[in-house]
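Got a predicted structure plus its sequence, pasted below:
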Amino acid sequence: MMLKLLFVFSVTAVLFLILLGLIRSKVQPKSTMRQRIESLETLDTQPEPFGQPQAAQPEAKKPAGGIKQMLGALATTLTPLRLRPIIQKRIMLAGKSREWGVAEFFGSCLLGAVVMWLFALVMVRGAAYAPVQKAMMVFLLGILGGLMPVVFLNTTIQRRQKQIEHQLPEVLDLLCVSVQAGLSFDAALSKITARMKGPFIDECRRMQDDIRMGVVRRTAMRSMADRCGLEDVSLFMTSIIQAERLGTSMGKTLKNQADNIRERRRQYVKAQAMKAPVKIVFPLVLFIFPAIFVVTLVPSLLYLLKNL
């Protein structure tokens, strides 16, 4: 009995350590975003007029009880402090900063690992496998269950960023037309956010709310660019800030930004089209050539075998 308990605790400890390493490798952003993450870590220690209290609201509203909260508290206690702002940044990129928290995310990872681990134990209990095979199956299923929230988070980020990339040129064109018609940038943006929907429109609406609450205009725009996590949005916000600071024409700035983003999208599509022949080689060799071989040569082979 003691050996079984020791085995269970050792497998749980090893599973949690490997799960922690996989979460760090999956969730940690690329080196190009390292400086932005470090700047966010330094901003956490400074009093922000707006934004930081909102980031703390979801955890404050959650009740203290519950299995997920208990597992989240346990996971965040055992997780290195450097990983927590990275997870919070990824949750913000997913657009769920007001709904999710770091504790809930880690609690979901740990809960998924425990549930899959128990399911694997029940599944291999009466199976005719070797003990090593049973341990490996339990181990792998536990890791798979723990990585499900990470995969869901990354998928949510990618889907949201694609939606923003598709919506950004349309919003820029509407802003350019409205500004050239005589509206100010704020009035044009207000009309667009009142009639359109989407993740980019939600971020624009949140930026307007931040400005109304007293946040500095440049800070609100840069925060919006950080929440989107896209280079095009960052360049758009930077151009707006520079145009307002230098007093240049807003309509001309918006038109140039729309043309640049459209040109980058065109180049991206061309690059993806050039990669298509390389991607077709694998299914061509694996599926099409064997089918052609079967259709053309098998009847001849059957005919020869029949006449021998």
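All right, it came through fine.

model confidence over stretch 269-281, on average?
Stretch 269-281 shows a mean pLDDT of 83 in the predicted model.

Oh, that last question was meant for stretch 192-211, not what I typed.
Averaging pLDDT along stretch 192-211 gives 91.

Same check on stretch 108-126?
Rounded mean pLDDT across stretch 108-126 is 81.

And that stretch, how far out from the chain middle?
Centroid separation for stretch 108-126 versus its chain: 26 Å, with Cα atoms, centre = their mean, to the nearest Å.

Quick check: buried residues in it?
Residues 108, 109, 110, 111, 112, 113, 114, 116, 117, 120, 121, 124 are the ones in stretch 108-126 that count as buried (16 or more other Cβ atoms under 10 Å). The C-beta positions use only the backbone N, C-alpha and C, and glycine is treated the same way.

Identify, from these, the entry nearest to residue 221.
residue 108 (32.4 Å; Cβ to Cβ).

before we move on, back to that, and the buried residues of stretch 108-126, which is closest to residue 162?
Out of the buried residues of stretch 108-126, the member with the shortest distance to residue 162 (by Cβ to Cβ) is residue 108, at 23.7 Å.

Isn't that closest one up against residue 149?
Yes: using Cβ atoms under 8 Å, residue 108 is in contact with residue 149, at 4.3 Å.

what's around residue 292, how many residues?
10 (other Cβ atoms under 10 Å).

Work out for me the element it sits within.
helix 289-307 (DSSP states H and E).

Give the buried residues for that helix.
Using 16+ other Cβ under 10 Å as the test for burial, helix 289-307 gives no buried residues.

do stretch 82-93 as well
In stretch 82-93, counting by 16+ other Cβ under 10 Å, buried: 83, 84, 85, 86, 87, 88, 89, 90, 91, 92, 93.

Can you flag which of those residues belong to strands?
Among those, no member falls in strands (DSSP state E).

Just name the closest of these to residue 216, please.
residue 92 (19.4 Å).

I'd guessed the closest one sits against residue 228; true?
No: here residue 92 does not reach residue 228: they are 9.7 Å apart, not a contact under Cβ under 8 Å.

helices or strands up against whichever strand or helix holds residue 179?
Residue 179 is part of helix 131-180, with elements assigned from DSSP H and E. With contacts defined as 3 or more Cβ pairs under 8 Å, 6 or more residues apart in numbering; DSSP states H and E, helix 131-180 has these neighbours: helix 2-27, helix 83-93, helix 102-124, helix 185-195, helix 199-212, helix 231-246, helix 250-283.

Recalculate using a threshold of 10 Å.
helix 2-27, helix 83-93, helix 102-124, helix 185-195, helix 199-212, helix 217-228, helix 231-246, helix 250-283 (3 or more Cβ pairs under 10 Å, 6 or more residues apart in numbering; DSSP states H and E).

can you tell me which of those helices comes nearest to residue 162?
By Cβ to Cβ (comparing all of those), the closest turns out to be helix 199-212, at 9.6 Å.

Only the buried residues of the closest one, if you could.
199, 200, 201, 203, 204, 205, 206, 207, 208, 210, 211.

which residues touch residue 296?
Residue 296 sits next to no residue when contact means Cβ atoms under 10 Å, 6 or more residues apart in numbering.

Kindly state the pLDDT recorded for it?
81.

Distance of it relative to residue 303?
From residue 296 across to residue 303, the span is 12 Å (Cβ to Cβ, to the nearest Å).

just residue 281 next, same as before
32 Å.

before we move on, what about residue 271?
Applying Cβ to Cβ to residue 271 and residue 303 gives a distance of 48 Å.

check contacts around the nearest residue to residue 174 once chain neighbours are set aside.
Nearest residue to residue 174, sequence neighbours excluded (Cβ to Cβ, 6 or more residues apart in numbering): residue 192, at 5.3 Å. Residue 192 makes contact with 170, 171, 174, 175, 178, 201, 204, 205, according to Cβ under 10 Å, 6+ apart.

sorry, back to before: which among the buried residues of helix 199-212 gets closest to residue 77?
residue 206 (31.6 Å).

so what sits against both of residue 108 and residue 149?
residue 100.

quick one on the thing from earlier: looking at the contacts of residue 192, which one is closest to residue 246?
The closest of the contacts of residue 192, once distances to residue 246 are taken by Cβ to Cβ, is residue 175, at 18.4 Å.

separation between that closest one and residue 186?
For residue 175, the distance to residue 186 equals 11 Å [Cβ to Cβ].

ok, the two, which is more surrounded?
In this view residue 175 and residue 186 are compared by other Cβ under 10 Å, and residue 175 has more residues nearby, 26 against 11.
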